[in-house]
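S.K.: I would like the atomic coordinates for the input below:
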Amino acid sequence: ETAADLTKIAEENHVAIQHFPVYKTNAAEIDEEKMQALTHPLIWNFYSGKAVKAMLRFVQKNDAVNLFGASAKKAFEENF
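M.R.: Here you go, the predicted model:
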């Protein structure tokens, strides 16, 4: 869930935004088919090490990755 108005942001920036929860208290189930169907390159924003670990297998070399916070940076450096 997010408080941001993703529709407005997408319209203003002429981009498509797809938002889905990676985890709450426990890791959320990931729709593998949906993730494999995404068109690359993508921009990934990771705010935690848990998110990096859960989603890193979907990141491709031509994707842009933004890391926010020490745990996200550490997990990315250790696993990519």
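S.K.: Where does pLDDT dip in this protein?
M.R.: 1-3, 23-27 (pLDDT under 70).
S.K.: In it, what residue spans correspond to strands?
M.R.: Listed in chain order, the strands of the chain (DSSP state E) span 43-46, 64-67.
S.K.: Only C-alpha atoms, please: export the first one in CSV.
M.R.: Meaning strand 43-46. Presented in CSV, the C-alpha positions along strand 43-46 are these (Å, rounded to 0.1, in the frame of the first residue of the first chain):
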residue,chain,number,x,y,z
ILE,A,43,13.6,1.1,-12.4
TRP,A,44,13.7,-0.6,-9.0
ASN,A,45,13.4,1.3,-5.7
PHE,A,46,14.4,-0.8,-2.7
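S.K.: Buried ones in the top helix by length along the chain, by neighbour count?
M.R.: When the chain is parsed with DSSP state H, its longest helix is helix 70-79. Within helix 70-79, the residues that qualify as buried are Ser71, Ala72, Ala75, Phe76, counting by 16 or more other CB atoms under 10 Å. For glycine as for every other residue, the C-beta is placed from the backbone atoms N, C-alpha and C.
S.K.: All good on my end, thank you.
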